[in-house]
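[1] What follows is a predicted protein model with its sequence.
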Amino acid sequence: MSPHPLDAETAATAATPEAPETEVAEPSAAERIGSLLTATSSVVLRACGEHHELTTAVSVHGSRLRLRAPLDAPLTVAAAREQDGLAVVLDLTDIAPVAVRDRVRGRLTLAGRLHLAHLADDGLSVHLRLDVAHAVLSTPYGTTAITGADLAAAAPDPLARYEAGLLTHLADGHPDALAVLTRLIDPALLAAHPAVRPLALDRYGLVLRLDHPHGHRDVRLVFPEPARDADEFGHRVHQLVAAAEQVLPARHS
């Protein structure tokens with residue numbers, strides 16, 4: 001994906017009035033990959049020259065993923081024939097749940113070997129185990145490769161399963177809070193009067209999309225402390241809003 005030149009800027013951090021600028025706190029690539037897998041409800045697996053789309057939740061257990069597929073699916077039959085596991089590539093696209101321009105936040109390509117685990121309780125589907133060898137995550141800000149060991153050492157973000165609901169609630173139900181939060185952003189980034197929408201969130205902070213007529217810029221607002229669950233996320237956003245209310249609104253010509 002080739003972003004507009006304005007998009008290629010590294011995401012900035014908005015500090016509270018009392019806080020000095022520090023290194024941006026954000027998830028590692030391995031944590032992002034684990035979170036993306038945890039939050040998805042469908043994946044595409046490439047094997048034996050064919051594409052297999054599965055409507056399934058993914059359970060992440062270190063470098064092993066648990067999937068579910070119909071008992072008579074071609075992918076299941078192919079995996080059953082391979083004693084050492086079927087070589088597969090998993091493709092997953094990260095789409096922003098809130099309507100913004102360029103909604104693709106990232107693309108994941110993951111390689112590994114697929115094994116039959118056990119028959120599901122319904123007798124019509126099977127649980128599959130995918131042992132991850134390596135993965136590549138591409139975003140507008142760069143591409144990062146990790147190993148299965150990297151994934152095993154990381155943990156999915158505790159907010160990953162709730163991100164879509166939290167972002168849409170913030171976008172649709174609290175436009176006033178979003179307007180206040182822009183006071184934490186460098187006024188120079190607001191000079192073109194961009195539309196402001198929530199793009200992403202994790203335990204470390206909230207990412208806002210500043211959408212200009214000729215491009216966009218993503219800005220990360222870092223929480224005072226990481227959020228451990230959805231309730232704490234709400235509290236952290238209230239803390240950011242309280243800090244923003246202490247800042248005078250920027251004036252634009």
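    Received, thanks. On a predicted model such as this, the values are computed, not experimentally measured, just so you know. Numbers count the residues shown, from 1 in each chain.

[2] quick one: residue 181 and residue 242 touch, right?
    No - checked against Cβ atoms under 8 Å, the pair residue 181 and residue 242 is beyond contact range at 10.7 Å. All C-beta atoms are positioned from the backbone trio N, CA, C, and that covers glycine.

[3] who's more crowded, those two?
    Neighbour comparison, residue 181 and residue 242: the larger count goes to residue 181, with 24 against 11 (by other Cβ atoms under 10 Å).

[4] and the more buried one, helix, strand or coil?
    Following DSSP: H, G, I helix; E, B strand; the rest coil, residue 181 is assigned to helix.

[5] From residue 106, how far off is the spatially most central residue of the chain?
    Centroid-nearest residue in the chain, with Cα atoms, centre = their mean: residue 36, separated by 5.1 Å. Distance, residue 36 to residue 106, by Cβ to Cβ, to the nearest Å: 7 Å.

[6] what's the overlap in contacts for those two?
    94, 137 (Cβ atoms under 8 Å, 6 or more residues apart in numbering).

[7] measure the residue nearest to the centre of the chain to residue 134 for me?
    Taken as Cβ to Cβ, the span from residue 36 to residue 134 is 15 Å.

[8] returning to what we had before: what sits against the residue nearest to the centre of the chain?
    92, 94, 106, 108, 137, 160.

[9] Mind checking which of these are buried?
    92, 94, 106, 108, 137, 160 (16 or more other Cβ atoms under 10 Å).

[10] Can you check the pLDDT for the fifth one?
    Looking back up the chat, that one is residue 137. pLDDT, residue 137: 98.

[11] What are the structural domain limits within this structure?
    29-154, 161-244 (automatic domain parsing).

[12] Contacts for the helix or strand hosting residue 143, please.
    Using DSSP states H and E, the element containing residue 143 is strand 142-147. Residues outside strand 142-147 that contact it (Cβ under 8 Å, 6+ apart) are 29, 30, 33, 133, 134, 135, 136, 137.

[13] Farthest-apart pair in the residues you listed, please.
    29 and 133 (15.7 Å; Cβ to Cβ).

[14] Comparing those two, which residue is more hemmed in?
    For residue 29 versus residue 133, the count of surrounding residues by other Cβ under 10 Å is larger for residue 29: 20 against 15.

[15] and the more buried one, what is it in contact with?
    137, 144, 146, 150.

[16] if you set the cut-off to 6 Å instead, what comes out?
    Residues near residue 29 by Cβ atoms under 6 Å, 6 or more residues apart in numbering: 137, 144, 146.

[17] With residue 33 instead?
    135, 137.

[18] so which strand or helix has it?
    Applying DSSP H and E, one finds residue 33 within helix 29-39.

[19] correct me, but residue 70 touches residue 125?
    Yes - the criterion here is Cβ atoms under 6 Å, and residue 70 meets it with residue 125 at 5.4 Å.

[20] Could you report the distance from residue 191 to residue 215?
    Taken as Cβ to Cβ, the span from residue 191 to residue 215 is 13 Å.

[21] Which one's more surrounded, those two?
    residue 215 (18 against 12).

[22] so for the helix of greatest length in the chain, what's the average pLDDT?
    Ranked by number of residues, the top helix in the chain under DSSP state H is helix 230-244. For helix 230-244, mean pLDDT is 96.

[23] Which other helices and strands does it contact?
    Counting by 3 or more Cβ pairs under 6 Å, 6 or more residues apart in numbering; DSSP states H and E, the packing neighbours recorded for helix 230-244 are helix 175-181.
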